[in-house]
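1. Coordinates for the following, if possible.
(2 chains)
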Amino acid sequence: MPEKLFRAALREALLEEMERDEKIFLIGEDIGVFGGAYRVTEGLLDRFGAMRVVDAPIAEEAIVGCAIGAAMSGLRPVVEMMTVNFSLLAFDQVVQNAAKIRYMFGGETTVPLVMRLPGGAGHQLSSQHSHSFEVLYGFIPGLLVVSPTTPEDAKGLLKSAIRTDNPVMFMESMSLYNLRGEVPDGDYTTPIGEAAVRRSGRDVTIVGVSRQAVLAGIAAQRLEEEDVDAEWIDLRSIRPLDWKTLGDSVKRTGRCLVIEEGWPTYGVGAEIAAGLQERCFDYLDAPVARLGGAEVPMPYAKDLERAAIPSVDDIVRQALRLVGKKAPAAV
Amino acid sequence: MDADRLRETYRLMLLARRYDEEAVRLQRQGELVAFPPMSGQEAAQVASVLALSPADMVFPSYRELGVAVGRGVDMTGYMLAFRGAWNGGLYDCRRNRFAPMASSVGSHLLHAVGWAMGARLDGRDEVAIVYFGEGATSEGDASEAFNFAGVFRAPVVFFCQNNGWAISVPAERQSAGEIWRRGEAFGFPGVRVDGGDAEAVFAATSAAAERARRGEGPTLIEALTHRFGPHSTADDDTRYRERAEVETARRNDPLGRLRARLAASGVPDSWFSDAEDEARLAVSELRASLAAAENPPAVEMFDFVYAAPPPALALQRSQLEELLGPDA
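-> This next block holds a predicted model:
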């Protein structure tokens, strides 16, 4: 399989889907001439013209509201938000409209809307441009929320997102745009709602959300040296959660650690911990552990920013505690 | 407007008035949860929607009974929405080209703009019209919708019914400027019409729709109207406005004005009494069909959240089904 960058895989998905279906169009800020703040839409304006690659005025509520109207009329808009933070300006349209219109029409009208949402820390973009909002959208019935961590899934999940008739919040970790990985040739999709078991193990299940799934993989390798056989799961889908894969894994390992970059209070980890206890309490040998970002606005200073999000060391340390190889942290 | 169309407009305005009065009575009798009456705004609503072609898409707020009547929307389905029978889908939105009522004030202006942009991209000769009150123009969504429509020359008609009151707040507390003038700021024409004059409303809306169809972009119409009643059956408007204002508005009833205009052109009294009989019959049919209507099954609650329900939702549905047994 050829190796490609994460951002190139996203671009391929957009290009192939737009060639396949004329009803798909892109709308966002600086996505045309400029090619997008992260170069994901580079060259698409020349290819498809200004009607299908729409450079919008700076008004996120309007971008999303208009995309919803167009989706109701039968088109398939793909919105690019410059960052996930700006999607807060469109929160009303997403929550009150995109997620509910199908329901309020009694199923007669669908909103096949995709919102691409670059986010996450690591680029010194400080407190207003570095959020991880998986949980904010994962909270809303009517939305699908996915977060790919490999170029293969970036392309496959984006194609699935474009093809489904539900609104999809497509979380992109900015730090992964330059990640290189194998991408299959030809047309393929990655199903929404399925987690990926990236490595099988016996001792502990480590579930990573968004970019933290990549770190979880590195941590799983390091744990080998400590004689811990970790099962590594890339969550991929935040709504719906893949309880089957999560539950099956924990029933085998008896221990689970969930890692996310977002704030852990009311977080994805909190939901998974609660859900696993409901589903497989009798199999658990330890409480489900959570690891998330520091509960502060993202610091600007580089070293502080690094300290505010989980690192591979943090994951290894937490996993060792969980399997009883290190003393528990003081509470 | 030719004589036939003028008579048709009157007939539909009368029908809307009688349905409106009946809806308030039904609410008082506990048949409807709540209802926002529109009596006084019939000319603005009926004449504007009659100026469109059937393929054009209507985005209504919750006070658009007259528009729904003008569109021929199934009244039982429309009123069931106010009975709280179900969230929507009670009338056929697609066939009637009449979107679900927007209750998130101002949010639907953007949908209309997006629909219009989408229709053009799709090569469909359609215009979108969006109905909203002067209160909605204070929402950021309205300004953003005006701006997008202007920039992309979207085939959309913004139809603002300025009835003077947003619940208890008068129009001068919504905006220090005149609403129709905002069009110019966003690069398209704005017009103000007497919303009690069916012919003026029809002319303004026709011109706006034709302009949109020619590819020249949006128009903002501000129709000055009055609502005779409260904001909805949940408020008492004597607490915030003078009776004299309502009495003056009633003396200028758009229905009476059009009747005088028709009578002066030779329409006989018998035609008006026939129209009244027809409206009375329609109202009694509505009352009977509402009484006979059954609520949708409870488990439908889960059906329209997603195109295909995720496992957790499917489980909740089957649990409810089990709990309700044969009543599901």
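
2. Would you mind identifying the next helix or strand past the strand or helix carrying residue B:141?
-> Counting by DSSP states H and E, the element that carries residue B:141 is helix B:140-151. The helix or strand immediately downstream of helix B:140-151 is strand B:156-162, counting by DSSP H and E.

3. Give me the residues contacting that following strand.
-> B:41, B:44-45, B:48, B:63, B:109, B:112-113, B:115-116, B:127-134, B:136-137, B:145-146, B:149, B:171, B:179-180, B:183, B:195, B:205, B:208-209, B:212, B:218-225 (Cβ atoms under 8 Å, 6 or more residues apart in numbering or on different chains). Every residue, glycine included, has its C-beta placed from N, CA and C.

4. what about the residue nearest to residue A:81 when sequence neighbours are not counted, how many neighbours?
-> Counting by Cβ to Cβ, 6 or more residues apart in numbering or on different chains, residue A:87 is the residue found nearest to residue A:81 once chain neighbours are left out, at 4.7 Å. For residue A:87, the neighbour count with other Cβ atoms under 10 Å in any protein chain shown is 27.

5. The strand or helix carrying residue B:114: how far from the chain's middle?
-> Using DSSP H and E, residue B:114 sits in helix B:107-121. Its chain's average C-alpha position is 17 Å from that of helix B:107-121, according to Cα atoms, centre = their mean, to the nearest Å.

6. and for the helix holding residue B:141, what are the contacting residues?
-> A:56-57, A:59, A:61-62, A:65-66, A:92, B:106-107, B:109-110, B:112-113, B:116-117, B:130, B:132, B:136, B:154, B:156, B:158, B:182-183, B:185-188, B:217-218, B:220.

7. That one - what's its average pLDDT?
-> Averaged across helix B:140-151, pLDDT comes to 97.

8. List the buried residues for that helix?
-> Across helix B:140-151, burial judged by 16 or more other Cβ atoms under 10 Å in any protein chain shown covers B:141-151.

9. Render the CA-only coordinates of that helix in CSV, please.
-> Taking C-alpha atoms only, helix B:140-151 is exported to CSV below (Å, rounded to 0.1, in the frame of the first residue of the first chain):
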residue,chain,number,x,y,z
GLY,B,140,-27.2,37.6,14.8
ASP,B,141,-28.5,34.9,12.5
ALA,B,142,-30.6,37.5,10.7
SER,B,143,-27.7,39.8,10.0
GLU,B,144,-25.5,36.8,8.9
ALA,B,145,-28.3,35.6,6.6
PHE,B,146,-28.6,39.0,5.0
ASN,B,147,-24.9,39.1,4.5
PHE,B,148,-24.6,35.7,3.0
ALA,B,149,-27.6,36.2,0.7
GLY,B,150,-26.0,39.5,-0.5
VAL,B,151,-22.6,38.1,-1.1
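
10. near chain A, which residues of the stretch 151-300 of chain B show up?
-> Contact residues, the stretch 151-300 of chain B versus chain A (Cβ under 8 Å from any Cβ of the partner chain): B:151-152.

11. What residue in the stretch 151-300 of chain B comes nearest to chain A?
-> Residue of the stretch 151-300 of chain B nearest chain A, by Cβ to the nearest Cβ: residue B:151 (5.8 Å).

12. what's the next secondary structure element after the lowest-mean-pLDDT helix or strand in chain A?
-> Ranked by mean pLDDT, DSSP states H and E, the weakest helix or strand in chain A is helix A:101-104, scoring a mean of 89. On the C-terminal side of helix A:101-104, the closest following helix or strand by DSSP H and E is strand A:114-119.
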